[in-house]
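Chemist: The following comprises the amino acid sequence and a computationally predicted model.
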Amino acid sequence: MQIKEILKLTPEGQSIVVKGWVKTKRGQSNIVFININDGSTLKNIQAVVENGKISEDILKLATTGSAIAVTGKLVASAGAGQTMEVLAETIEVYGTADESYPIQPKKHSLEFLREKAHLRFRTNVFGAVFRIRHALAYAVHKFYNEQGFFYLHTPIITASDAEGAGEMFRVSTFEPNKAPLTPEGNIDFSQDFFGRETALTVSGQLEGELGALALSRIYTFGPTFRAENSNTSRHLAEFWMIEPEVAFFELEDNMNLAESFVKYVISYALENCKEDLEFLENRLLEEEKQKPQNERSELKLIEKLKFVVENDFERLTYTEAIDILLKSKPAQKKQFQYEVAWGIDLQSEHERYLVEKHFKKPVILTNYPKEIKAFYMKQDDELNGAPGATVRAMDVLFPGIGEIIGGSQREDNYEKLMARVKEVGIDPENIWWYLETRKFGSAPHSGFGLGFERLVLFVTGMTNIRDVIPFPRTPKNAEF
Ligand code: 4AD
Ligand code: MG
């Protein structure tokens, strides 16, 4: 039985077996207390070893970090901090851990634990983070299933650059420097495994659209890969993305879906991960105490999550956002490092200003300039007050995170899409199958991508994206 289940029992002296890893062992001459955790919950169970019950040799092996099984009677505990404990009758040590075990019962820095990524699962903080990550993933499937969406598995290896940003990891079976060349001196991919140039997917969207234009409502939830060399606390080279795609949805429907989806999964975590969230909140409060008064955040983690669930997201156009940013500029001092002007790609400082200082809530920005967005976004017919052409894009921005969702209504007009494809320099031959859906029964449709790790960052209150994915892939880092 897992500790989570044991803790639901009424302790009546029944025999049980507890299996897990030793967190701490406190010894006194006549009594020893061993705290055991099995990862099923944040809570430990305490085994009490009374004088002479277990041989000294075995007790010596049951060190911090060792894996053990304790058999004994479950009884009510008189000690503070737990309601029940196990009176040990036998202890089996599966594997001991010597003093070099790096996860000792003290507070380790997250940087230190990143270097011990193979063992960091055993800490309270990473246990909490990965249990919450699981709950959120489960809630994603639950939400879409309840809404009549089908989970579509899009390929990991693709031949198209869905975002057109040229940040793909190449997939090839050629050995380095041994690739056959064409007479022109280029690599001859026709001789490679797939007979063409391939790469790891940056997004399942294009394939997702094919599904939506038949099944009406689909979503993907899989790993995506980007070879962008940005070493930030918000970027990974391998991250998980959830991409719903819906036929007959326009931009407004897309915004409503995004907002209700995010609220649903956060509510699910609030209801089902209370203990872990409280633990992470307390951890953050301890950290806040180290900061000067004026830099401390106003809201506690759980209040912050509830606030997002209970309040409408602010919705405005990119053009309106630029106006706000321009007006925010104090006369003397330059407010932003990057200058604000219509047409710029918003930098995180701009996004943070809007979300954290101006609106103080999640924001959905729409109708971005065409030039800074992907080729597949539906072009706006009217300017809507903008000085240049815009597309029906939407980005959802979150406090402390910045962009958490990117999406749009899709261009469903064959001629317009083809013109745009050529304009941005994509070879139509490479995505002929995508273009064909606009020839046969084209329909308005929309979708978006939620960066799963950015969601986990927000919900757990962690600050570095490397700490919310079990095995982070970042530039120069793929050890574990
Ligand atoms: O805005 P992006 O690039 O949009 C797309 O890929 C679309 N094809 C999605 C769609 O419409 N179906 O990425 C979507 C989200 C971002 O908002 C961000 O949360 C996350 O994916 N993201 C990353 N997360 C971690 N590391 C990275 N390098 C990320 N790049 C994007
Ligand atoms: Mg984006």
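Modeler: The structure has been received and is ready for your questions. Ligands and ions are numbered 1, 2, ... in the order given.
Chemist: okay, CA-based contacts and neighbour counts for the rest of this
Modeler: Will do.
Chemist: list the contacts for the residue sitting furthest away from the middle of the chain?
Modeler: Most distant residue from the mean C-alpha position of the chain: residue 52, 49.0 Å away (CA atoms, centre = their mean). The contact partners of residue 52, by CA atoms under 8 Å, 6 or more residues apart in numbering, come to residue 30.
Chemist: And it, how far from ligand 1?
Modeler: Distance, residue 52 to ligand 1, by CA to the nearest ligand atom, to the nearest Å: 54 Å.
Chemist: next one: residue 427
Modeler: According to CA to the nearest ligand atom, residue 427 and ligand 1 sit 18 Å apart.
Chemist: number of nearby residues for that residue?
Modeler: By other CA atoms under 10 Å, the residues close to residue 427 number 11.
Chemist: Make sure it is actually in contact with residue 418.
Modeler: No - in this structure, residue 427 is not within contact of residue 418 by CA atoms under 8 Å, at 10.0 Å.
Chemist: tell me what the worst-scoring helix or strand of the chain on mean pLDDT is packed against?
Modeler: Among the helices and strands of the chain, helix 348-352 carries the lowest confidence by mean pLDDT, DSSP states H and E, at a mean of 92. With contacts defined as 3 or more CA pairs under 8 Å, 6 or more residues apart in numbering; DSSP states H and E, the packing partners of helix 348-352 are strand 402-409.
Chemist: ok, 10 Å please
Modeler: For helix 348-352, the packing partners by 3 or more CA pairs under 10 Å, 6 or more residues apart in numbering; DSSP states H and E come out as helix 318-327, strand 390-398, strand 402-409.
Chemist: quick one: which of these is nearest residue 453?
Modeler: Set against residue 453 and scored by CA to CA, the helices and strands packed on helix 348-352 come closest in strand 402-409, at 9.0 Å.
Chemist: which neighbours does that closest one have in its sheet, and in what orientation?
Modeler: Take DSSP bridges as the rule and strand 402-409 pairs in its sheet with strand 390-398 (antiparallel), strand 445-451 (antiparallel).
Chemist: Pick the most deeply packed of the helices and strands packed on helix 348-352.
Modeler: Here the criterion is mean neighbour count by mean count of other CA atoms under 10 Å, and of the helices and strands packed on helix 348-352 the winner is strand 390-398, at a mean of 26.
Chemist: thinking again about what came up before, in CSV, list the strands paired with strand 402-409 along with distance to residue 244 and mean pLDDT.
Modeler: CSV is the format used below for the strands paired with strand 402-409 (distance: least, CA to CA, whole Å; pLDDT from 0 to 100):
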stretch, distance to residue 244, mean pLDDT
strand 390-398, 14, 98
strand 445-451, 5, 98
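Chemist: Now do the helix or strand harbouring residue 368 against helix 318-327, angle only.
Modeler: Taking DSSP states H and E as the criterion, residue 368 maps to strand 363-369. If you take axes from the mean of the first three to the mean of the last three CA atoms, to 10 degrees, strand 363-369 sits at 110 degrees to helix 318-327.
Chemist: Show me what strand 363-369 is packed up against.
Modeler: Strand 363-369 sits against helix 251-272, strand 314-317, helix 318-327, strand 390-398, strand 402-409, with contacts defined as 3+ CA pairs under 10 Å, 6+ apart.
Chemist: Throw these into a markdown table and include distance to ligand 1, thanks.
Modeler: Shown next, in a markdown table, are these (distance: least, CA to the nearest ligand atom, whole Å):
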| stretch | distance to ligand 1 |
| --- | --- |
| helix 251-272 | 10 |
| strand 314-317 | 16 |
| helix 318-327 | 15 |
| strand 390-398 | 7 |
| strand 402-409 | 4 |
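Chemist: Out of the ones you listed, which is closest to residue 111?
Modeler: Of all these, it is strand 402-409 that lies closest to residue 111, at 22.7 Å by CA to CA.
Chemist: elements contacting the helix or strand following that closest one?
Modeler: Once strand 402-409 ends, the next helix or strand along the chain (criterion: DSSP H and E) is helix 414-423. Secondary-structure packing of helix 414-423 (3+ CA pairs under 10 Å, 6+ apart): helix 432-436.
Chemist: ok, and what's touching the helix it packs on?
Modeler: 206-207, 209-210, 412-415, 417-418, 421, 428-429, 442 (CA atoms under 10 Å, 6 or more residues apart in numbering).
Chemist: what's the answer for stretch 224-236, then?
Modeler: Identification of contacts with stretch 224-236 by CA under 10 Å, 6+ apart yields 155-157, 165-170, 199-204, 237-242, 401-404, 451, 453-454, 457, 463-467, 469, 472-476.
Chemist: So that stretch, near ligand 1 or not?
Modeler: Yes - against ligand 1, stretch 224-236 shows contacts by CA under 6 Å from any ligand atom at 226, 234-236.
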